[in-house]
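Student: Below is the sequence, then the predicted model.
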Amino acid sequence: MMKLALCTDVLADLPYPRMLDKVKGYGIDAVEMTAGGWGARKHCNTQELLAGGEAARKNYLAELDRRGMRITALNTSCNPLWPSETGKQYSESMYDCAKLAGLLGVKKIAAMAGLPAGNATDTTPNWISSTISWPAFMAPAYEYQWKVTVEWWRSFAAHCEKCGVEQIAIEPFPGTLVWSAGTLLKLRQAVGPIIGANLDPSHLMILGADPIAAARALKGCIYHVHGKDARIERGLADVDGLPEPLPVTDTAERVWNYVAVGCGKDLQWWKEFFSVLSMQGYAGDVSLEMEDMTMSVEAGLQTSIDALNATISK
């Protein structure tokens, strides 16, 4: 049975106990919190919880227990493959996140695959999204990127297993090496079944893919689902296509935007999406990630919660 959860970075201005009360007030009992990577990490201070010992972690979990709540996943999305000091720090934060997850009894972490540079001497991540046929240097660059990525993820997966983490839910995301169902399956085949998908339909929508078809292709390896919508803006995408480099804050000018659930795809579509997920055997949490900049946080959360409660397969 699917249940609703919430990615809590949208409530980053609230301290941990007040955030839990707010989420509980929405009728939601599960939270996904950033504990590594580039997230806010306001509600899960990994270094403090690791350094504070068992007592600190016990007190932390007690806040959840007294409200009848739980952690659905710790999120550590970032680019650990960036050949830079920042990339190194991201990588270290992911390792720490996995360690903390094990100590808290959290069996699942959510992440992104990351993106390396195009060769061993480059320092700029390079997303090859069109073709490797031309120019001629593209194919070796792509092969190098997959080699680096697989090596890093094999090492990290082994670390997660030692920590007691059972599932790594990777979010296919534009600008990373795993951006589609096919690339997720490629990494899973190379690393092992600890790797699965965090299926966020919004990221597939903005690439012109069908999340429902992707859900069928990913049968058996969907470990997590984000409840998040996107809208291709009428007329604008017809001119230049779907690639969109404008900042997400320029909502009026962008060819697509992240929107509250139900403001992109209608509820009939969402009912089919969750029905197909159920048919593929998924019965986990649907973690609402609210990133609509066309309305207030409160309006976006309530709109999305109403839509998801009306459509998820319970």
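Tutor: Good, I have the coordinates.
Student: Quick check: closest non-adjacent residue to the spatially most central residue of the chain.
Tutor: Centroid check for the chain by CA atoms, centre = their mean gives residue 171 as the closest residue, at 4.4 Å. Computed as CB to CB, 6 or more residues apart in numbering, the closest residue to residue 171 that is not its neighbour in sequence is residue 198, at 4.0 Å. (Glycine included, C-beta is placed from N, CA and C.)
Student: Only the C-alpha atoms, please, for the lowest-mean-pLDDT helix or strand in the chain, written as PDB.
Tutor: One helix or strand of the chain scores below all others by mean pLDDT, DSSP states H and E: helix 237-240, with a mean of 93. Taking Å, rounded to 0.1, in the frame of the first residue of the first chain, the C-alpha atoms of helix 237-240 are listed here in PDB:
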ATOM      1  CA  ALA A 237       8.500  24.800 -26.100                       C
ATOM      2  CA  ASP A 238       7.400  24.800 -29.700                       C
ATOM      3  CA  VAL A 239      10.000  27.500 -30.600                       C
ATOM      4  CA  ASP A 240      13.200  26.100 -29.100                       C
END
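Student: Off-centre distance for that helix?
Tutor: Distance, stretch centre to chain centre, for helix 237-240: 27 Å (CA atoms, centre = their mean, to the nearest Å).
Student: Let me know the next secondary structure element after that helix.
Tutor: Elements were assigned by DSSP states H and E; along the chain past helix 237-240, the next helix or strand is strand 256-259.
Student: Check which strands are paired with that next one and give the direction for each one.
Tutor: When sheet partners are counted by DSSP bridges, strand 256-259 sits next to strand 229-232 (antiparallel).
Student: which other residues reach the partner strand?
Tutor: Applying CB atoms under 8 Å, 6 or more residues apart in numbering, the contact partners of strand 229-232 are 201-203, 205-206, 242, 255-265, 304.
Student: on that earlier part again, and the least confident helix or strand of the chain, what's buried?
Tutor: For helix 237-240, burial by neighbour count (16 or more other CB atoms under 10 Å) applies to residue 237.
Student: Which residue is the nearest non-sequential neighbour of residue 239?
Tutor: residue 255 is the one closest to residue 239 (CB to CB, 6+ apart), at 7.9 Å.
Student: isn't that neighbour right next to residue 235, touching?
Tutor: No. Applying CB atoms under 8 Å, one finds residue 255 not in contact with residue 235, separated by 9.2 Å.
Student: Buried members of the contacts of strand 229-232 into PyMOL, please.
Tutor: Selecting only the buried entries of those in PyMOL, with 16+ other CB under 10 Å as the criterion:
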select buried, resi 201+202+203+205+206+255+256+257+258+259+260+261+262+263+264+265+304
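Student: can you give me the helices in the stretch 201-314 of the chain?
Tutor: Taking DSSP state H, counting those that start in this stretch to define them, one finds helices in the stretch 201-314 of the chain at 201-205, 211-217, 237-240, 267-279, 297-311.
Student: For residue 39, give me its contacts.
Tutor: Residues counted as contacts of residue 39 (CB under 8 Å, 6+ apart) are 9, 75, 76, 77, 78.
Student: Might you report the residue contacts of residue 205?
Tutor: Residue 205 touches 211, 229, 230, 232, 256, 264, 265, counting by CB under 8 Å, 6+ apart.
Student: measure the first one to residue 238 for me?
Tutor: Put plainly, it is residue 211. Residue 211 sits 22 Å away from residue 238, going by CB to CB, to the nearest Å.
Student: Tell me how many other residues crowd the nearest residue to residue 294 once chain neighbours are set aside.
Tutor: In space, and not counting its chain neighbours, residue 294 is closest to residue 251: 5.4 Å by CB to CB, 6+ apart. Neighbour count for residue 251, taken as other CB atoms under 10 Å: 17.
Student: Which residue is the nearest non-sequential neighbour of residue 141?
Tutor: Going by CB to CB, 6+ apart, residue 141 has residue 118 as its nearest residue, at 3.8 Å.
Student: quick one: pLDDT of residue 314?
Tutor: Listed pLDDT for residue 314 reads 84.
Student: which ones are touching the residue lying closest to it once chain neighbours are set aside?
Tutor: Distance criterion CB to CB, 6+ apart; nearest residue to residue 314, sequence neighbours excluded, is residue 1 at 5.5 Å. Under the criterion of CB under 8 Å, 6+ apart, the neighbours of residue 1 are 283, 313, 314.
Student: same thing but 10 Å
Tutor: 278, 283, 284, 312, 313, 314 (CB atoms under 10 Å, 6 or more residues apart in numbering).
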